[in-house]
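S.K.: Give me a model of this one.
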Amino acid sequence: MTRRQLTAAVAVRPTLFNALFGEQSQQNLASLAALRYQEEDDRLSEDEMIALVRDCEVAVTGWGTPPFSQNVVDACPNLKLVAHSAGTIKHLLPDPVWNRGIKVVHAAAAIAPAVAEMTILLMLMCRRDVHNISRRMHAGEQWPQPELGFELGGTRVGVIGAGHTGRNVIKLLHGFSADIVVYDPYLSPERAAELKVTRASLEDLMSTCPVITVQAPTTPETHHMISREHLAMIQDGALFINTARSQAVNADALYEALKTNRFQAALDVFDSEPLAVDSRLRGLPNLVLTPHLAGKSEQARKRQGALIVEQLQLYAAGLPLTQEVTRDMLATMA
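M.R.: Numbering: from 1, shown residues only. Next up, the predicted model:
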């Protein structure tokens, strides 16, 4: 496979770059391109961004990279590809990038397995009440005798959203022989058959599934998609999980529903992060809180860098990009 030499700017903080790109990935990247690196861990100013990316064909970006404003795009006439080493790209790449026809790839597929594993962990832990049993034993209760827990096998599990992470959750749930139903208006009957899931309306899913997980992106269409009425449909004793984006759920309605103690919930994402010390969510006995850590694993970090290197290898060889994001995709993406 013939490759041409690239020029690439690495607009990623050095500490983050080293966390994402392992030794082999860094070697492969250096073999692909003449590289310019961001030298400091501070966020780049617009002028610093221009100085770094100017004359380069490729920009490797990550969490904390400033947006590609009109000034940046105009000052970088040779820029042909933005390779984002994380998932969400909407705020990083406003209209000027798409108007210029610059190609974009991202690493969402590398993060999804970690989020999916965390989602399954929360299902298993909460359905067996492991966290509360452990707390009771630490508090001195000699041999707790809790109520019987529930297995995932045979349980009707509702997955809201069949994107990268939703599909990974589905894959893992099949290993438990769960009965999987999915709400995703963009999921075709053919794709549902391939995934071996049953399509359902949001109302049917919310009212019939004892385990529900939100894997929907944040879009105008999904904003507060899960309303007070939907939350009222949740079965007594059910489990509601959100490891995706908080804005899909009406936060006020969720708080009010949780105060009734009818069902359990586990939340990894919040409208405002970090979660305020005096947040009303803290202390709810039926709520598990985690600090947006579902996608954070050693393997995920290194997959992100390796996936970006893979995309640059394809680009240098003139082959189709397997993780390309197009403007048309933005409406349904996180």
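S.K.: What ranges does the stretch 51-200 of the chain have for its helices?
M.R.: Listed in chain order, the helices of the stretch 51-200 of the chain (DSSP state H, counting those that start in this stretch) span 70-75, 95-99, 108-127, 130-138, 164-174, 189-195.
S.K.: can I get these in JSON lines with mean neighbour count and mean pLDDT?
M.R.: C-beta coordinates here come from the backbone N, C-alpha and C atoms, glycine included. Formatted as JSON lines, the helices of the stretch 51-200 of the chain follow (neighbours: other Cβ atoms under 10 Å; pLDDT from 0 to 100):
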{"stretch": "helix 70-75", "mean neighbour count": "16", "mean pLDDT": "95"}
{"stretch": "helix 95-99", "mean neighbour count": "16", "mean pLDDT": "90"}
{"stretch": "helix 108-127", "mean neighbour count": "22", "mean pLDDT": "98"}
{"stretch": "helix 130-138", "mean neighbour count": "13", "mean pLDDT": "95"}
{"stretch": "helix 164-174", "mean neighbour count": "22", "mean pLDDT": "98"}
{"stretch": "helix 189-195", "mean neighbour count": "13", "mean pLDDT": "98"}
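S.K.: Tell me which of those helices lies nearest to residue 17.
M.R.: Residue 17 lies closest to helix 108-127 among the helices of the stretch 51-200 of the chain, at 15.1 Å (Cβ to Cβ).
S.K.: what residues does stretch 111-118 touch?
M.R.: Residues from elsewhere that reach stretch 111-118 (Cβ atoms under 8 Å, 6 or more residues apart in numbering): 86-87, 164-165, 167-169, 171-172, 215, 243-244, 268, 290, 293-297, 299-300, 303-304.
S.K.: which residues touch residue 210?
M.R.: Under the criterion of Cβ under 8 Å, 6+ apart, the neighbours of residue 210 are 150, 155, 156, 235, 237, 238, 239.
S.K.: from memory residue 70 sits against residue 98, does it?
M.R.: No: contact between residue 70 and residue 98 fails when scored by Cβ atoms under 8 Å: they sit 11.9 Å apart.
S.K.: hey, where'd the helices end up in the stretch 201-334 of the chain?
M.R.: 202-208, 228-232, 251-259, 298-316.
S.K.: Now tell me what touches the second one from outside.
M.R.: Here helix 228-232 makes contact (Cβ under 8 Å, 6+ apart) with 202, 203, 206, 240, 249, 250, 253, 254, 256, 257.
S.K.: Show me the shaky parts of the stretch 1-150 of the chain.
M.R.: 1-2 (pLDDT under 70).
S.K.: Quick one: residues contacting residue 307.
M.R.: 107, 109, 110, 323.
S.K.: Can you tell me how far the closest residue to the second one other than its chain neighbours is from residue 129?
M.R.: Read it as residue 109. Counting by Cβ to Cβ, 6 or more residues apart in numbering, residue 164 is the residue found nearest to residue 109 once chain neighbours are left out, at 5.3 Å. Using Cβ to Cβ, to the nearest Å, residue 164 is found at 30 Å from residue 129.
S.K.: Residue 265 too?
M.R.: Distance of residue 265 to residue 129, given as Cβ to Cβ: 14 Å.
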